[in-house]
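Colleague: need a 3D model of the sequence below.
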Amino acid sequence: MVDECPDDGGPSEPVELPLDGALDLHTFSPKDVGDLLPEWMAACQERGILRLRVVHGKGTGALRRSVHAILARSPLVKSFRACDEGAGGWGATLVELSGPLPVKPPSDRSPPAGGGPGPPA
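Modeller: Presented below is the predicted three-dimensional model:
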């Protein structure tokens with residue numbers, strides 16, 4: 001039998017995920033969720049996708065608790081709750097992100113002559 005997907009044990013190439021506001025964590029290792037979820041939320045926020053659905057499954061609830069802990073600590077998250085039954089119930093979480101942070105315009109003020117404030121001359 002031929003292995004269609006050989007694994008040589010080396011590092012795998014990163015896979016670009018489509019940003020459509022939904023993330024199914026079934027395909028990821030639980031140890032990766034701590035880095036993956038915040039990066040994915042930031043990428044969604046940058047693209048103006050502010051309503052997200054994170055599928056973590058029902059199982060024992062351990063992954064859901066991890067996801068909720070990450071969401072509770074994130075400054076990007078405005079609110080989150082379990083999805084309605086038709087969208088996964090307690091096996092998925094609906095997340096609302098805060099709007100993108102405004103870009104601060106550059107200051108028109110030039111630095112003072114002499115490189116900044118210093119002792120009086």
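Colleague: burial measure for the closest residue to F28 other than its chain neighbours, as a count.
Modeller: Distances taken as C-beta to C-beta, 6 or more residues apart in numbering put L36 closest to F28, at 6.1 Å, once the chain neighbours are dropped. C-beta coordinates here come from the backbone N, C-alpha and C atoms, glycine included. Neighbourhood size, L36 [other C-beta atoms under 10 Å]: 16.
Colleague: what's the answer for the one 4 residues further on, then?
Modeller: Other residues lying near W40 total 17 when counted by other C-beta under 10 Å.
Colleague: and if you look at the one 10 residues further on?
Modeller: L50 is flanked by 17 other residues according to other C-beta under 10 Å.
Colleague: quick check, it in contact with C44.
Modeller: Yes: counting by C-beta atoms under 8 Å, C44 is a contact partner of L50 at 7.4 Å.
Colleague: quick one on the thing from earlier: residues in contact with the residue nearest to F28?
Modeller: 23, 25, 28 (C-beta atoms under 8 Å, 6 or more residues apart in numbering).
Colleague: pLDDT check: weakest of those?
Modeller: Here the lowest pLDDT out of the contacts of L36 sits on F28, with 89.
Colleague: for that one, give me phi and psi.
Modeller: phi -120, psi 150 (degrees, to the nearest 10).
Colleague: one more: R64?
Modeller: Taking degrees, to the nearest 10 as the convention, R64 sits at phi -60, psi -40.
Colleague: could you pull up the residues touching it?
Modeller: 56-58, 90-91, 93.
Colleague: what's the neighbour count on A92?
Modeller: Count around A92 with other C-beta under 10 Å applied: 22.
Colleague: next up, the contacts around it.
Modeller: Contacts of A92 (C-beta under 8 Å, 6+ apart): 53-56, 82-83.
Colleague: redo that, cut-off 10 Å
Modeller: Neighbouring residues of A92 by C-beta atoms under 10 Å, 6 or more residues apart in numbering: 22-25, 53-58, 64, 67, 82-84.
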